[in-house]
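Peer 1: This is a predicted model, with the sequence first.
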Amino acid sequence: MEKYLNRNNNSGVSHFEIYSDKIEVKFTKTNKIYSYSYAYAGKSHVDKMKILAERGHGLNTYIKTFVNNLYDK
């Protein structure tokens, strides 16, 4: 997994991995990896999360606001 840049130094996200149809996210306070796929979270949300992950800014806020419980179960 790639280390999240965390440009504001206050994110709950520590790492991420981008795939063609999903993004996997690891948060700082857990060892669990959360997978957000097109099937569960929706293509538009996942594509936005990919952009935010690569920027290193805003991913945690986006997840908590829009897709918090839409991870693959």
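Peer 2: Yep, that arrived. Residues are numbered from 1 along each chain as shown.
Peer 1: Which helix or strand contains the residue most central in space within the chain?
Peer 2: Note on the chain: the residue nearest the mean C-alpha position is residue 25, at 4.5 Å, using C-alpha atoms, centre = their mean. Here residue 25, judged by DSSP states H and E, is contained in strand 22-27.
Peer 1: what's that strand packed up against?
Peer 2: Under the contact criterion of 3 or more C-beta pairs under 8 Å, 6 or more residues apart in numbering; DSSP states H and E, strand 22-27 touches strand 13-18, strand 33-37, helix 43-55. Quick note: C-beta positions are derived from backbone N, CA and C, even for glycine.
Peer 1: hmm, 10 Å instead?
Peer 2: Judged by 3 or more C-beta pairs under 10 Å, 6 or more residues apart in numbering; DSSP states H and E, the packing partners of strand 22-27 are strand 13-18, strand 33-37, helix 38-41, helix 43-55, helix 59-62.
Peer 1: and residue 70, which of these is closest to it?
Peer 2: Of all the helices and strands packed on strand 22-27, helix 38-41 sits nearest to residue 70, with 4.1 Å by C-beta to C-beta.
Peer 1: Fine, thanks again, bye for now.
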